[in-house]
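Q: predicted coordinates and the sequence they were generated for:
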Amino acid sequence: MGVNTASKILLREAMKRAQFLYITVFLLFCNTKPELESDPDKEQDSLTYNIEIIEGVKHIHNFSPKWGDEPKVVFEFVQKIGDLESDDENYMLFRPTDICLDTNGNFFILDAGNYTIKIFDRNYKYISSIGNKGQGPGELTGPSRMDMLPDGSIIINDRASRTVNIFSHDGDFIQRFRNEGMSPDQILALNSGDIAVFYHLKHVAGGTGFTSALVNIFDGEGNKIREFVQPRLYEDPGTNFWCNSIALAGDDSDNIYVNFEAQNRIEKYSSSGDIIFRADRALDYEESPEILREPVPGSQGTLVALSYNIFSKGIQVDGKGRIWSATLKRQKTFEEKKEQDEAKKRNDIHGIHILEVFDNDGILLGRIKEEFFFGQHFRIFGDRLFLIDREDEMVIYEYRIVVK
């Protein structure tokens, strides 16, 4: 074999090896996902929640907040409304329970202990008052919640008289209505002009022991239009009554949000009553597997008190559509309950409450623990948070919600 022939053979073998190496590298490259195509958000989401469809309803199971341990929002103090030391009684609040804002930024405060609504301008200057104590038209006996309809009319629930009361924006009494003798616990004004009302389950002697739904929708004349939100049924009427307690909130599209006090259950409904999602979240406690009944001695004899885990105390929706829940981080110990009862404190214990933030699809974004929040009733309007201290200072604190 000549030198040229041998060289040609060696050259062909080298070219074959180079071609094989090129094809191998090419195939490896084609079967390797580029770094730029990875989606860390989706990978993170799979660790923080999952979604399943149960009987046609979307269930969101939240494991941990998407924001992690560092919330993306902070609160800036704006002002304190109310002053027990004021020389002007118009600025003294006695057990305030709710607040609303009109389109001009005026504050309407339900001063429940004085059975009236006090109105202040945006600079916190007193304007006037609406209502007084009594059982006649335009009078209040046991008000606890308030909201404002699109035309500026004010709606107030009165649990003592079992009525929903409607006043004009200027304070003129318009009407009141009842619903089968049940006491309205929560009310919500809808942009349609309708009114959503939560009534505790009503026990019917000799019947099924419960009413069919928790949320009732009425028109502006007090006529019931529809009802929805199904309760969870327990063994006895007392448990059905307390363990189906809810809080209500709404958004600009008249979707209705429901937060259950004794159930790990947050739900969103359309204005027509169709359920959009049901969400839960991982906490350091679970729903009570058994409702304990404890005998409690009293002036009228021994009563039976129910003992169960409490999850939340309220719900609101902010201007960005985020859902806020006042949630218990942990349950109170027996010693804490005893100390609170002996001191006859109505405000709750500091350090066990958090504010949870969900996006509008029910996915948990973050958990915020603030020393100034201890389970008070709260309202959110746009980017403003109002904490209502009914018992201790009897004031309302206003904060601005700021995104970091």
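A: On my side now, so go ahead.
Q: C-alpha only now, for contacts and for neighbours.
A: Fine.
Q: for stretch 381-400, give the mean pLDDT please.
A: Per-region confidence: stretch 381-400 scores 95 on mean pLDDT.
Q: how about residues contacting it?
A: 75-84, 93-99, 101, 318-320, 346-347, 373, 376-380, 401-402 (CA atoms under 8 Å, 6 or more residues apart in numbering).
Q: these two touch, right, Asp185 and Ala160?
A: No. Applying CA atoms under 8 Å as the test, Asp185 and Ala160 come out as separate, 10.3 Å apart.
Q: which of these two has more neighbours?
A: Set Asp185 next to Ala160 and count neighbours by other CA atoms under 10 Å: Asp185 wins out with 20 against 14.
Q: sorry, back to before: narrow the contacts of stretch 381-400 to those that are buried.
A: 81-83, 93-99, 101, 318, 373, 376-380, 401 (16 or more other CA atoms under 10 Å).
Q: contacting residues around the residue nearest the centre of the chain?
A: Residue closest to the average C-alpha location in the chain (CA atoms, centre = their mean): Ile315, at 1.6 Å. Ile315 makes contact with Ala247, Leu248, Ala249, Tyr257, Val258, Asn259, Ile323, Trp324, Ser325, Ala326, according to CA under 8 Å, 6+ apart.
Q: would you confirm that the first one contacts Ala196?
A: No. Counting by CA under 8 Å, Ala247 does not reach Ala196; the two are 11.3 Å apart.
Q: the more surrounded of those two?
A: Taking neighbours as other CA under 10 Å, Ala247 and Ala196 compare with Ala196 leading, 24 against 21.
Q: next one: the helix or strand encompassing the more buried one to chain centre, how far?
A: Using DSSP states H and E, Ala196 sits within strand 195-199. Remark: strand 195-199 is offset 15 Å from the chain centroid, using CA atoms, centre = their mean, to the nearest Å.
Q: what sits up against the helix or strand just after it?
A: With elements assigned by DSSP H and E, the helix or strand that comes after strand 195-199 is strand 215-218. Strand 215-218 has contacts (CA under 8 Å, 6+ apart) with Asp194, Ile195, Ala196, Val197, Phe198, Tyr199, Lys224, Ile225, Arg226, Glu227, Phe228, Val229.
Q: surely Asn114 touches Gly134?
A: No. Using CA under 8 Å, Asn114 is not in contact with Gly134; the gap is 11.1 Å.
Q: picking that back up, got the CA coordinates for whichever strand or helix holds the residue nearest to the centre of the chain in CSV?
A: Assigned by DSSP H and E, Ile315 falls within strand 312-317. The C-alpha trace of strand 312-317 is given here as CSV (Å, rounded to 0.1, in the frame of the first residue of the first chain):
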residue,chain,number,x,y,z
SER,A,312,-60.8,33.8,60.9
LYS,A,313,-62.7,36.9,61.9
GLY,A,314,-63.2,38.9,58.7
ILE,A,315,-62.6,39.4,55.0
GLN,A,316,-62.1,42.3,52.7
VAL,A,317,-61.1,43.0,49.1
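Q: partner strands of it, with direction?
A: Paired neighbours of strand 312-317 in the sheet (DSSP bridges): strand 323-328 (antiparallel).
Q: the partner strand: what's the following helix or strand?
A: Heading C-terminal from strand 323-328 (DSSP H and E), you reach helix 334-343.
Q: let's see that following helix as CSV, backbone CA atoms only.
A: C-alpha atoms of helix 334-343 as CSV (Å, rounded to 0.1, in the frame of the first residue of the first chain):
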residue,chain,number,x,y,z
PHE,A,334,-56.7,27.4,78.1
GLU,A,335,-54.7,29.8,80.4
GLU,A,336,-55.1,32.7,77.9
LYS,A,337,-58.9,32.1,77.6
LYS,A,338,-59.2,32.0,81.4
GLU,A,339,-57.2,35.2,81.9
GLN,A,340,-59.2,36.9,79.2
ASP,A,341,-62.5,35.8,80.8
GLU,A,342,-61.5,36.9,84.3
ALA,A,343,-60.3,40.3,83.1
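Q: and that helix, average pLDDT?
A: Per-residue scores along helix 334-343 average to 74.
Q: rewinding a little: for PyMOL, write the select line for the buried members of the contacts of strand 215-218.
A: Command for PyMOL that selects the buried part of these, burial taken from 16+ other CA under 10 Å:
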select buried, resi 194+195+196+197+198+199+227+228+229
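Q: export the contacts of strand 215-218 to JSON lines and tack on pLDDT?
A: Converted to JSON lines, these look like this (pLDDT from 0 to 100):
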{"residue": "Asp194", "pLDDT": "98"}
{"residue": "Ile195", "pLDDT": "98"}
{"residue": "Ala196", "pLDDT": "98"}
{"residue": "Val197", "pLDDT": "97"}
{"residue": "Phe198", "pLDDT": "96"}
{"residue": "Tyr199", "pLDDT": "92"}
{"residue": "Lys224", "pLDDT": "96"}
{"residue": "Ile225", "pLDDT": "96"}
{"residue": "Arg226", "pLDDT": "95"}
{"residue": "Glu227", "pLDDT": "95"}
{"residue": "Phe228", "pLDDT": "96"}
{"residue": "Val229", "pLDDT": "95"}
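Q: now, among the contacts of strand 215-218, which is nearest to Arg122?
A: Ile195 (26.2 Å; CA to CA).
Q: for Ala213, see how far away the closest residue to Asn244 other than its chain neighbours is.
A: Closest residue to Asn244 in three dimensions, ignoring its sequence neighbours and counting by CA to CA, 6 or more residues apart in numbering: Pro231, at 6.1 Å. Applying CA to CA, to the nearest Å, the value for Pro231 to Ala213 is 6 Å.
Q: picking that back up, just the buried ones among the contacts of stretch 381-400: which are in strands?
A: Secondary structure from DSSP state E places Ile81, Pro96, Thr97, Asp98, Ile99, Leu101, His377, Phe378, Arg379, Ile380, Ile401 of these in strands.
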